[in-house]
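**Q** With the sequence up front, the predicted model follows.
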Amino acid sequence: MLLMQFSTSHYCRKARLALGYKKIVYKVENLTPGIHILKLKPLTGLTTVPVLLPQESGQPTAIADSTKILKYLETYCLEPTLTLSDRKLQIEASMLEDWLDESIGTATRFVYYDYRAGAGKQIDPSVFSQVLISVVRRQYGITTAAVELAKSRLNTAMEELAIRWQNLYLVGDRLSVADIAAAALLSPLALIPQYRQEYPWLFERIEQIHQLCGEPLPPGLESAEDKGTMEVGIM
């Protein structure tokens, strides 16, 4: 299998966590933002990552979108499963995944890039990094008002997740797509001191899920030996 990705994308991290949890051997192809369109559009008709290429006879040519990738992996590799046996609980987990994808993942992106353009500029003050951040902010319309709305959404998410993760898993009694989505899509906040200080339980759980899935920890949580090769940024 080949995962086409931006190495720093939190949505691509979501796909990697699922692949790791299922112990599926795969390779990655890191794409260059902008140029990636030339590769992806002929394959999927879309311009977004991640895209998974099963590269096996009888399997789809390409699967785009992290949620669709997780659904495909459930049919490709039945165990260990991310599907809850109780149908109502599985619907709840899928709804949480959708909320995290569509609202909270976007809110994370807005807050993260606002931080990187201001107080977090020292993380990578290079001209290339700052130009990229400026381009991303324009691309997604990351304005002061939008960032404040994003912060409000994240505060609501923290309240909900704090209650749910008291029981170890967000839904039911085992890891589900909701846990994978939360661990991936909130991981960029590990580089923002305010969130690390206010929500230590969140990052403890993110670490646990990454370890369970065999995925290297995200920037801000990485081990000492990984810090020299740290890549920061999300798309």
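**A** Great, that's in hand.
**Q** residue contacts, residue 1?
**A** By C-beta atoms under 8 Å, 6 or more residues apart in numbering, the contact list for residue 1 reads 19, 24, 25, 26, 27, 52, 53, 54, 55, 56. (Each C-beta comes from the backbone N, C-alpha and C, glycine too.)
**Q** redo that, cut-off 6 Å
**A** Applying C-beta atoms under 6 Å, 6 or more residues apart in numbering to residue 1 gives the contacts 26, 54.
**Q** any idea what sits nearest residue 218, other than its immediate chain neighbours?
**A** residue 187 (4.0 Å; C-beta to C-beta, 6 or more residues apart in numbering).
**Q** quick one: that neighbour and residue 217 touch, right?
**A** No: with contact defined as C-beta atoms under 6 Å, residue 187 and residue 217 do not form a contacting pair (8.5 Å).
**Q** re earlier: residues near the residue nearest to residue 218, how many?
**A** By other C-beta atoms under 10 Å, 28 other residues sit near residue 187.
**Q** now do the one 3 residues further on
**A** Here the neighbour count serves as a burial measure; for residue 190 (other C-beta under 10 Å) it reads 20.
**Q** so it sits in a helix?
**A** Yes: the assignment for residue 190 by DSSP: H, G, I helix; E, B strand; the rest coil puts it in a helix.
**Q** Of all the helix elements in this structure, which one is longest?
**A** For the chain, the longest helix by residue count, based on DSSP state H, is helix 144-164.
**Q** just checking, what packs against it?
**A** Counting contacts by 3 or more C-beta pairs under 6 Å, 6 or more residues apart in numbering; DSSP states H and E, helix 144-164 is packed against helix 105-117.
**Q** Centre of the chain to the helix it packs on, how far?
**A** 13 Å (C-alpha atoms, centre = their mean, to the nearest Å).
**Q** and for it, what are the contacting residues?
**A** Residues contacting helix 105-117 (C-beta under 6 Å, 6+ apart): 133, 136-137, 142, 146-147, 150-151, 153-154, 185-186, 188, 192, 234.
**Q** And the strands in this structure?
**A** Using DSSP state E, the strands assigned to the chain run over residues 2-5, 27-30, 51-53, 63-64.
**Q** would you turn those strands into a markdown table with mean pLDDT, mean neighbour count and distance to residue 87?
**A** Formatted as a markdown table, the strands of the chain follow (pLDDT from 0 to 100; neighbours: other C-beta atoms under 10 Å; distance: least, C-beta to C-beta, whole Å):
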| stretch | mean pLDDT | mean neighbour count | distance to residue 87 |
| --- | --- | --- | --- |
| strand 2-5 | 97 | 20 | 30 |
| strand 27-30 | 96 | 14 | 34 |
| strand 51-53 | 98 | 24 | 26 |
| strand 63-64 | 96 | 20 | 24 |
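**Q** Just send those strands back as a markdown table, with distance to residue 168 too.
**A** Listed next are those as a markdown table, based on distance: least, C-beta to C-beta, whole Å:
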| stretch | distance to residue 168 |
| --- | --- |
| strand 2-5 | 28 |
| strand 27-30 | 30 |
| strand 51-53 | 28 |
| strand 63-64 | 30 |
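**Q** Give me the buried entries from the contacts of helix 105-117.
**A** Neighbour counting over the contacts of helix 105-117 (16 or more other C-beta atoms under 10 Å) leaves 133, 136-137, 142, 146-147, 150, 153-154, 185-186, 188, 192, 234 as the buried ones.
**Q** And for the residue found closest to residue 62 once you drop the neighbours it is linked to in the chain, the neighbour number?
**A** Leaving out its chain neighbours, the residue that sits closest to residue 62 by C-beta to C-beta, 6+ apart is residue 43, at 4.4 Å. Neighbourhood size, residue 43 [other C-beta under 10 Å]: 14.
**Q** Many thanks, I have nothing further to ask.
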